[in-house]
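Peer 1: structure for this input, please:
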Amino acid sequence: MDLNMYYAAMKGIMENGDFSLVDHLKREELENGYQVTSKGNTILHVAALFGQRGFVGEVLKITPALLCYKNKKNETALHIAANVGQSGVVSELLCFEGVETLVRMTDDIGNTALHKAVRGGHTDIVWMLVKLLLDPEHDFPANKAGETPLYLAAEFGFHDALIKILNVCKEPTYVAGPSNRTPLHAAVIQEHTECARSLWQWNKPLCEEADKWGWNSLHYAVKQGLKEIISDMLGWKKSLSYLPAGSENDWTTAFHIAASEGDVLMIYDLLNHCPDCWEMLNCNGQNALHVALLNDHEMFVHAFLGSGICDSLVDEADNEGNTPLHLLAASGNRVPQMILDHPSAKKMTFNNKIQTPLDIALSRTWTIKKVLPLVHDGLDRFSPFL
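Peer 2: Predicted coordinates:
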């Protein structure tokens, strides 16, 4: 692009010495071509980038065809303005004929201008664009990554932008996002509580939808420790706490997730809503105590057994016949004194391999003593360190 043209677009200069915007644009129309930058940007793109609203308006009065002209990334001037938050330019662009087509145009990766505005958190621009879109099923499409504008608003925690979109999407519909996740998944995973609560209130059944790994929004909320969200969901439908997380052959439960995180308060919250959920087992037949001990959550064990309602879990065997003590012995983690003092610890409980926890602990000790490290002796060979 000619230096004078670029400078004029950047500064919003209509005339300067020998340069005249009107003359330039008329000459370009006659020659059937537009000067562009190395990225394929026209003077309209450049003016949009630098927020030159008046210049944009004058250009389009002279050459309306530039409104939908795309650069090398298939971006229009509206994409550029929405991306950088130039609300004045966006407002100007939306005043011209053809805007219905413009707002639906996508770039190389499937983003509309609304995608760009949402990702940037430009709520004022989001509202300008949303008001032009009346059909949520077709006007809020996903890009090539599977992200809808609603999904992006949830993922980045832009609550105001999310509300603007929800006000137009009066029917509680959505398009599955990346990894088959809903916008509610995205908000919960990123711990955007305000967005998550608004999405759940808009469409409560969203919390039952599973992603490609078989986890629903409640499972992630438990993992992230979002107690307010969980109270909302379980207050609406207690049966959510019994839904498995995972695949047909590899699954766990919300209660096990809380145990794996060592979140004592979450355990109590789940028990308040579903007092029998402590009885649940995962796909390996393990109870929550198995999981807590394997993850070395001693505080959890103290609180869990101290409640008096779960003492029977200490000697409950999984699919391999292993009690929590068997797994603890195999892991090498320090055994909480409370477990050692428990009556079940003194039982000679055998797993499917006819081993007690003591047998496993002794076999680990024996193996550690017999397998000695090797040190280099400087003669290009290794010798045992004795």
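Peer 1: give me the phi and psi angles of I230.
Peer 2: phi -60, psi -40 (degrees, to the nearest 10).
Peer 1: what's near enough to touch it?
Peer 2: Residues near I230 by Cβ atoms under 8 Å, 6 or more residues apart in numbering: L218, A221, V222, M266, D269, L270. C-betas here are computed from N, CA, C, even on glycine.
Peer 1: nearest to F50 among the residues you listed?
Peer 2: The closest of these to F50 turns out to be A221 (Cβ to Cβ; 43.4 Å).
Peer 1: picking up where we left off before, including secondary structure, distance to W251 and pLDDT, could the contacts of I230 go into CSV?
Peer 2: Formatted as CSV, the contacts of I230 follow (DSSP: H, G, I helix; E, B strand; the rest coil; distance: Cβ to Cβ, whole Å; pLDDT from 0 to 100):
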residue, secondary structure, distance to W251, pLDDT
L218, helix, 14, 97
A221, helix, 17, 97
V222, helix, 14, 96
M266, helix, 19, 90
D269, helix, 22, 90
L270, helix, 17, 92
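Peer 1: CSV for these, including neighbour count and distance to T323?
Peer 2: Listed next are the contacts of I230 as CSV, based on neighbours: other Cβ atoms under 10 Å; distance: Cβ to Cβ, whole Å:
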residue, neighbour count, distance to T323
L218, 26, 29
A221, 32, 30
V222, 31, 25
M266, 24, 24
D269, 18, 27
L270, 26, 23
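Peer 1: quick one: which of these is nearest D23?
Peer 2: A221 (62.3 Å).
Peer 1: the helices in the stretch 201-350 of the chain, which residues?
Peer 2: Remark: helices assigned in the stretch 201-350 of the chain by DSSP state H, counting those that start in this stretch are 217-224, 227-236, 254-261, 264-273, 288-294, 298-306, 324-331, 337-340.
Peer 1: of all those, which lies closest to D315?
Peer 2: helix 324-331 (7.8 Å).
Peer 1: if you count neighbours, what's buried in the closest one?
Peer 2: P324, L325, H326, L327, L328, A329, A330 (16 or more other Cβ atoms under 10 Å).
Peer 1: elements contacting it?
Peer 2: Where contact means 3 or more Cβ pairs under 8 Å, 6 or more residues apart in numbering; DSSP states H and E, helix 324-331 is packed against helix 288-294, helix 337-340, helix 357-370.
Peer 1: from the buried residues of helix 324-331, pick the one nearest L93.
Peer 2: Using Cβ to Cβ, those come closest to L93 at L327, 63.1 Å.
Peer 1: ok, that closest one touching N295?
Peer 2: No. Between L327 and N295 there is no contact, the gap being 10.6 Å when judged by Cβ atoms under 8 Å.
Peer 1: any idea how far D23 lies from I80?
Peer 2: Plainly put, D23 is 25 Å away from I80 if you go by Cβ to Cβ, to the nearest Å.
Peer 1: between those two, point out the one with more neighbours.
Peer 2: I80 (25 against 11; other Cβ atoms under 10 Å).
Peer 1: burial count for the nearest residue to that one once chain neighbours are set aside?
Peer 2: Distances taken as Cβ to Cβ, 6 or more residues apart in numbering place A48 nearest to I80, at 4.6 Å, with adjacent residues excluded. For A48, the count of nearby residues is 32 (other Cβ under 10 Å).
Peer 1: what of the one 10 residues further on?
Peer 2: Applying other Cβ under 10 Å, we find 18 residues neighbouring E58.
Peer 1: tell me who's in contact with it.
Peer 2: So E58 contacts M14, L21 (Cβ under 8 Å, 6+ apart).
Peer 1: that one: helix or strand, and which one exactly?
Peer 2: Assigned by DSSP states H and E, E58 belongs to helix 53-62.
Peer 1: and that helix, which residues are buried?
Peer 2: Neighbour counts over helix 53-62 (16+ other Cβ under 10 Å) mark R53, F55, V56, E58, V59, L60 as buried.
Peer 1: tell me the one of those residues nearest S91?
Peer 2: R53 (7.5 Å).
Peer 1: give me the nearest residue to that closest one, chain neighbours excluded.
Peer 2: Distance criterion Cβ to Cβ, 6+ apart; nearest residue to R53, sequence neighbours excluded, is G88 at 4.1 Å.
Peer 1: quick check: F50 touching A8?
Peer 2: No. In terms of Cβ under 8 Å, F50 does not count as a neighbour of A8; the distance is 10.9 Å.
Peer 1: now render the helices of the stretch 201-350 of the chain as JSON lines, adding distance to T42.
Peer 2: Listed next are these as JSON lines, based on distance: least, Cβ to Cβ, whole Å:
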{"stretch": "helix 217-224", "distance to T42": "44"}
{"stretch": "helix 227-236", "distance to T42": "47"}
{"stretch": "helix 254-261", "distance to T42": "53"}
{"stretch": "helix 264-273", "distance to T42": "55"}
{"stretch": "helix 288-294", "distance to T42": "60"}
{"stretch": "helix 298-306", "distance to T42": "62"}
{"stretch": "helix 324-331", "distance to T42": "64"}
{"stretch": "helix 337-340", "distance to T42": "72"}
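Peer 1: and those helices, which one is worst for confidence?
Peer 2: Confidence, taken as mean pLDDT, is least for helix 337-340 of those (a mean of 57).
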